[in-house]
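Visitor: A predicted structure for the sequence below; I have some questions about it.
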Amino acid sequence: MSEQAALVTGASRGIGRAVALALAAEGRPIAINYRSGADEAKETLAMVEELGGRGICVQADVTDSEQIDRCFSEVEKELGAVTVLVNNAGVRADGLALSMTDEMWDRVIRTNLFGTFACSRRALRGMLRTRWGRIVNVSSIAGIQGSPGQANYSAAKAGVVGFTRTLAREVAAKNITVNAVAPGLVTTELTETLGEKRLAEITSHVPQGRPGTPEEVAGAVRWLCGEEAGYMTGSVLTLDGGMSA
Amino acid sequence: MDEKRNQILETMRTQLSERGIEGDKVQFDATLAQDLGLDSLDTVEMTLGLEESFGIEIPDSDLENVATVGDAVDLIQRKLAVGA
């Protein structure tokens, strides 16, 4: 059997990078997808190689089906069938709903929700062929509970949860599992743009009193991608320091 | 011509037997949904297997008119003829 690869979208930094490293540590060839951070993606790859792993960087904007198809074809050619997909690529465009523009709404829904759907759709054929697959979607605590200033992001991430549950049922009999993780506040560049005041305010709502790390999210994703998690499908793992407890 | 059809049928039998479907159920006039109990995802999965076996590509849009095993055999035969 040809080798089986893992594709992580938005793996040039943050949670995506940590997931790529965690999966690479298990010996899987890794496809590091990025949209614009070519240099950062190369850094991720260098870190993968440092761990003794191997992989490639592959550019694609997950809002575009054609680019997704090209990305998967390249990975299949270079690394083998994509049997693990982590839909991590995401963007934020915060603002109060009353002043949110159509463009802010559409962009966030398109990347976070459509991108997750479109990448999963493209991945399923290979997983059906292989008769084994793991899809992990990165949702957010904002998709579970309300998050003022993030109507678009919150709607997209709640959409990811609904998509996860439905897809899990559709492919359950095919040895393909579909799960989501819902991180709370995690230290990434995305949260650094929140501003100190907002960050402190959110941290005050975290029972553990601190933000999580990308590695803490990656550990859960790695487990979901492994054999051991075979009976878990359609689930949402919250990793939020107790925020939703 | 008939020999080719039977050959395709045999390949389908082999693949479907892996899914627990008895060979003698797989006849030209058997319907995929009722007689063989395949749902739409099973059909896609079967198609992927056939694409691999015969080195052809079957777009989903071509599957719309495939109701029976015979329809599938005809479709594969057409694809093979184009490729030849």
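Guide: Structure's in. What do you need?
Visitor: Between the two ends of stretch B:46-63, how far is it?
Guide: 11 Å (CA to CA, to the nearest Å).
Visitor: any residues touching that stretch, and which ones?
Guide: Stretch B:46-63 is contacted from outside by A:125, A:128-129, B:8, B:11-12, B:15-16, B:19, B:32, B:38, B:43-44, B:72, B:75-76, B:79-80, B:83, using CB atoms under 8 Å, 6 or more residues apart in numbering or on different chains. Every C-beta, even on glycine, is put in place using the N, C-alpha and C of the backbone.
Visitor: Return the set of buried residues in it.
Guide: By neighbour count on 16 or more other CB atoms under 10 Å in any protein chain shown, the buried set for stretch B:46-63 is B:46, B:47, B:48, B:49, B:50, B:51, B:54, B:56, B:58, B:63.
Visitor: Let me know the closest of these to residue A:89.
Guide: Residue A:89 lies nearest to residue B:48 out of those, by CB to CB, at 26.3 Å.
Visitor: State the pLDDT value of that closest one.
Guide: Listed pLDDT for residue B:48 reads 90.
Visitor: and what of residue B:84?
Guide: pLDDT for residue B:84: 59.
Visitor: Then residue B:64?
Guide: 86.
Visitor: just residue A:78 next, same as before
Guide: At residue A:78, pLDDT is 96.
Visitor: Test my guess that it contacts residue A:54.
Guide: No. Applying CB atoms under 8 Å as the test, residue A:78 and residue A:54 come out as separate, 10.1 Å apart.
Visitor: average pLDDT for the helix or strand encompassing residue A:22?
Guide: Using DSSP states H and E, residue A:22 falls within helix A:14-24. Taken as a whole, helix A:14-24 carries a mean pLDDT of 97.
Visitor: possible to save the buried residues of stretch B:46-63 as TSV with secondary structure?
Guide: Converted to TSV, these look like this (DSSP: H, G, I helix; E, B strand; the rest coil):
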residue	secondary structure
B:46	helix
B:47	helix
B:48	helix
B:49	helix
B:50	helix
B:51	helix
B:54	helix
B:56	coil
B:58	coil
B:63	helix
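Visitor: Can you tell me which of those is nearest chain A?
Guide: Distances from chain A to the buried residues of stretch B:46-63, taken as CB to the nearest CB, are shortest for residue B:48 (5.1 Å).
Visitor: Following the chain onward from the helix or strand of chain B with the lowest mean pLDDT, which element is next?
Guide: Ranked by mean pLDDT, DSSP states H and E, the weakest helix or strand in chain B is helix B:60-63, scoring a mean of 86. Using DSSP H and E, the next helix or strand after helix B:60-63 towards the C-terminus is helix B:69-83.
Visitor: quick one: buried residues of that following helix?
Guide: B:69, B:70, B:71, B:72, B:73, B:74, B:75, B:76, B:77, B:79.
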